[in-house]
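Participant: Please find the sequence and the predicted model below.
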Amino acid sequence: MEIDIFKDILVPVIGGLGIFMLGLEFMANGIQALSVNRMREFLAKAAGTPIKGVMAGTLITGVIQSSTAMTVMVVGLVNAGVVALRPAISVIMGANIGTTLGNGLIALPLGPLGLIFGGIFALVYCFAKSEKVRNVALACMGFALIFYGLNLMTGGLRPLRNMPEVMELLQTLRADSYFNLIKCVLIAAGITAMIHSSSATIGIVMGLGAAGVLDWTTAVAFSLGADLGTTITSWMASLNLSKNAKRAAYAHISFNIIGVCITVPLFFISIEVLKWGMQWFGGDPSIPVLVDGKETFPLVPVAVGVYSTVFNIFNTVLLFPFVGVFERVLSRVGRLDEEEVEDFSTPKFLNRQIANDFARAVPAVQQETARHLQAGAMFLNIARGDKKAPSDPGEHYLATDILSRDIRAYTANLMKEDLPYEQLDLIASLIEEADFTAALTEQMHQVARRVKREKFSPQAQTIVDAALDKLDAALRAILPDLGIPDPRMPAGHVSFPQVEELRTRTLALGPNAGAGERGTILALLGSIERAGILVDRIDAERKSVNRQSVLARAAARKGSQERPMDEGGLSPVPAE
């Protein structure tokens with residue numbers, strides 16, 4: 001049967017790659033839109049320590065039978081800010097083990113199932129009324145499309161198995177020397193990189209070994225190459241994602257490369273050990289068995305499966321003590337000087353151990369909210385092109401959004417039924433301030449995004465600079481101490497033009513600026529105007545409750561309850 005390279009290979013491979021990348025995007029977006037706090041707590045329990053991470057990766061991958069899908073999912077979670085780099089490294093270690101636990105299931109039709117479930121969750125997403133249900137359906141649809149995309153790519157490359165040139169190449173390969181061994185490993189890695197599934201490659205190798213096309217030693221060598229080539233998928237999945245997601249993919253690549261480099265010099269020794277160990281699994285895999293008058297080698301698949309499993313377990317045991325080293329090294333990969341900024345996605349002051357102590361928890365919330373405000377103010381530096389500011393406005397906004405959710409969740413949990421009204425009123429005020437701060441951060445993000453993506457003429461740039469200076473001055477009302485790094489504050493006697501005046505100047509630019517520039521400036525002025533309103537709301541909210549007085553009375557109540565009762569009775573509580 002003649003193979004149409006365009007129809008049978010290029011179309012499904014390119015289409016599968018697109019569906020695969022789209023599925024990853026859907027999954028990451030759905031996860032991000034869900035409750036990040038609950039997801040983080042769940043994953044902290046499942047992979048809070050390196051040992052738990054390895055166990056979780058092993059078990060989950062053992063169920064879904066795809067280390068590729070598991071690694072891609074972990075990369076997506078890291079990109080969404082749900083999983084940190086350290087637990088992601090341990091989960092990926094476990095995924096390498098889990099994928100070898102069921103090589104007998106490699107023929108499971110996960111691709112068609114992916115299409116079916118993708119369609120089901122797409123319908124749920126389209127017709128669901130609840131936003132939460134829609135987000136769950138989006139994440140599940142993305143995960144299902146990952147399977148289907150991988151299946152399309154695998155199917156598109158499967159015709160290569162029927163090409164005589166490919167089969168002739170396989171029959172000439174023998175891992176009988178170190179040079180030929182390395183050649184076999186690299187070829188298997190290349191095939192796996194194209195198919196995007198180590199399990200599929202190992203399944204092909206098992207079939208070729210059982211048929212006698214490959215001798216059993218060469219089949220085992222190919223399994224090493226399959227473990228090396230499977231890393232290409234996680235690398236591809238991380239191409240357009242955050243740097244931490246890329247680092248998680250690099251961890252996957254590093255583990256397998258290190259493991260293969262250690263195993264190759266020991267390969268022929270390990271083959272002798274495997275040959276000895278095969279006596280518990282049926283005998284010598286090189287001895288043929290006649291079936292219908294033809295020689296077959298039924299123990300070759302067993303040998304390949306055993307070797308692949310032992311290799312991944314050995315690799316994990318060997319590298320597990322160095323998880324911290326991997327984290328430190330990988331955290332430096334791709335890091336630029338301007339990225340040496342604080343990680344605002346993780347709370348700094350919200351200590352759950354003091355959550356039941358009102359007098360200590362409230363100042364912690366105030367500090368964290370001020371920190372969130374400081375992170376939002378950094379968008380002004382991004383708009384001005386400060387080299388010390390975060391380079392990616394979207395990634396920085398993602399971090400501030402996660403922090404905002406943490407603040408609101410922590411503050412809401414402070415509400416207890418037995419608290420006095422004034423304390424409940426203070427908590428409500430903190431929640432309002434946190435909400436206004438999140439809205440202000442959103443407007444600041446819009447300012448930075450609009451300025452970064454447009455190139456302004458000199459006349460238009462003058463208006464943009466005046467608008468940014470006006471916003472800078474407005475922020476001073478609520479950022480007296482923290483402020484913006486290296487602020488450009490005009491002298492106190494300088495007056496700033498009103499937004500209406502800046503709009504008039506923008507419309508009067510005429511031929512000195514294009515329509516796109518003027519439209520961007522008008523949208524920018526709208527964001528700055530809304531930011532100014534939110535600054536006033538935050539300032540008013542802080543003054544709506546005498547916070548220091550409420551905290552002082554709360555501390556006095558706590559002190560009086562902790563002091564032992566004298567004979568004369570309880571100590572008096574200050575009047576309200």
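Facilitator: All right, it came through fine. Numbering: from 1, shown residues only.

Participant: neighbours of residue 178, just the number please.
Facilitator: 12 (other C-beta atoms under 10 Å). Placement of C-beta: from N, CA and C, glycine included.

Participant: ok, for it, nearest residue in space, not its chain neighbours?
Facilitator: Distance criterion C-beta to C-beta, 6 or more residues apart in numbering; nearest residue to residue 178, sequence neighbours excluded, is residue 264 at 7.4 Å.

Participant: mind listing the strands in the stretch 101-250 of the chain by residue range?
Facilitator: Using DSSP state E, counting those that start in this stretch, the stretch 101-250 of the chain contains no strands.

Participant: quick one, phi psi at residue 129?
Facilitator: With angles defined as degrees, to the nearest 10, residue 129 sits at phi -90, psi -30.

Participant: tally of neighbours for it?
Facilitator: Count around residue 129 with other C-beta under 10 Å applied: 6.

Participant: now swap in residue 352 and tell me
Facilitator: 10.

Participant: Tell me how far it lies from residue 411.
Facilitator: Per C-beta to C-beta, to the nearest Å, residue 352 is found 13 Å from residue 411.

Participant: what does residue 22 give?
Facilitator: 37 Å.

Participant: between the two, who's got more neighbours?
Facilitator: Taking neighbours as other C-beta under 10 Å, residue 22 and residue 411 compare with residue 411 leading, 25 against 15.

Participant: Tell me which helix or strand the more buried one sits in.
Facilitator: Per DSSP states H and E: residue 411 is located in helix 393-412.

Participant: Could I get the average pLDDT for the very next helix or strand once past that helix?
Facilitator: Moving toward the C-terminus from helix 393-412, the first helix or strand encountered (DSSP H and E) is helix 421-452. The predicted model assigns helix 421-452 a mean pLDDT of 92.

Participant: got a list of what residue 145 touches?
Facilitator: Residues in contact with residue 145 (C-beta atoms under 8 Å, 6 or more residues apart in numbering) are 19, 20, 22, 23, 26, 114, 118.

Participant: how deep is the closest residue to residue 459 other than its chain neighbours tucked in, by neighbour count?
Facilitator: Spatially, and ignoring its direct neighbours in sequence, residue 459 is nearest to residue 512 (4.2 Å; C-beta to C-beta, 6+ apart). By other C-beta under 10 Å, the residues close to residue 512 number 12.

Participant: can you pull the contacts of residue 512?
Facilitator: With C-beta under 8 Å, 6+ apart, residue 512 has these contacts: 457, 459, 460.

Participant: which of these count as buried?
Facilitator: 459, 460 (16 or more other C-beta atoms under 10 Å).

Participant: Please tabulate the contacts of residue 512 in TSV, including the columns distance to residue 191.
Facilitator: Formatted as TSV, the contacts of residue 512 follow (distance: C-beta to C-beta, whole Å):
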residue	distance to residue 191
457	54
459	59
460	55
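
Participant: Tabulate the contacts of residue 512 in CSV, adding columns for secondary structure and pLDDT.
Facilitator: Shown next, in CSV, are the contacts of residue 512 (DSSP: H, G, I helix; E, B strand; the rest coil; pLDDT from 0 to 100):
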residue, secondary structure, pLDDT
457, coil, 86
459, helix, 87
460, helix, 86
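
Participant: is it true that residue 369 touches residue 434?
Facilitator: Yes: using C-beta atoms under 8 Å, residue 369 makes contact with residue 434 at a distance of 5.4 Å.

Participant: got any residues that touch both of those two?
Facilitator: residue 407.

Participant: which residue packs closest to residue 367, ignoring adjacent ones?
Facilitator: In space, residue 367 is closest to residue 349, 4.3 Å off (C-beta to C-beta, 6+ apart).

Participant: tell me the contacts of the one you found?
Facilitator: 364, 365, 367, 368, 371.

Participant: Out of those, which end up buried?
Facilitator: For these, a burial check counting by 16+ other C-beta under 10 Å picks out 364, 365, 368, 371.

Participant: out of those, who's nearest residue 387?
Facilitator: residue 371 (22.2 Å; C-beta to C-beta).

Participant: pLDDT wise, what is the closest one at?
Facilitator: On the pLDDT scale, residue 371 gets 90.

Participant: do the same with the one 10 residues further on
Facilitator: Residue 381 is assigned 88 on the pLDDT scale.

Participant: Now do the helices in the stretch 201-350 of the chain.
Facilitator: Applying DSSP state H, counting those that start in this stretch to the stretch 201-350 of the chain gives helices spanning 216-229, 231-237, 243-263, 267-277, 299-319, 323-332.

Participant: Check these for me: which has the lowest mean pLDDT.
Facilitator: Averaging pLDDT over each of the helices of the stretch 201-350 of the chain puts helix 231-237 lowest, since it has a mean of 68.

Participant: follow-up on the earlier one: return the member of the contacts of residue 145 nearest to residue 478.
Facilitator: residue 26 (37.8 Å).

Participant: tally of neighbours for the closest one?
Facilitator: 25.

Participant: so residue 386 sits in a strand?
Facilitator: No: counting by DSSP: H, G, I helix; E, B strand; the rest coil, residue 386 is not part of a strand but coil.

Participant: By mean pLDDT, flag the weakest helix or strand of this protein.
Facilitator: One helix or strand of the chain scores below all others by mean pLDDT, DSSP states H and E: helix 36-47, with a mean of 55.

Participant: quick one: the closest residue to residue 115 other than its chain neighbours from residue 26, how far?
Facilitator: Closest residue in space to residue 115, ignoring its immediate chain neighbours: residue 148 at 4.6 Å, by C-beta to C-beta, 6+ apart. Look at residue 148 and residue 26: by C-beta to C-beta, they are 12 Å apart.

Participant: now residue 390
Facilitator: Applying C-beta to C-beta to residue 390 and residue 26 gives a distance of 26 Å.

Participant: quick one on the thing from earlier: what is the neighbour count of the residue nearest to residue 178?
Facilitator: 16.

Participant: So residue 149 sits against residue 17, correct?
Facilitator: Yes: if you go by C-beta under 8 Å, residue 149 and residue 17 touch, sitting 6.8 Å apart.

Participant: How about residue 254, nearest residue that isn't a chain neighbour?
Facilitator: Residue 254 sits nearest to residue 326 (C-beta to C-beta, 6+ apart), 6.7 Å away.

Participant: ugh, wrong one, I meant residue 530
Facilitator: Per C-beta to C-beta, 6+ apart, closest to residue 530 is residue 443, 5.1 Å.
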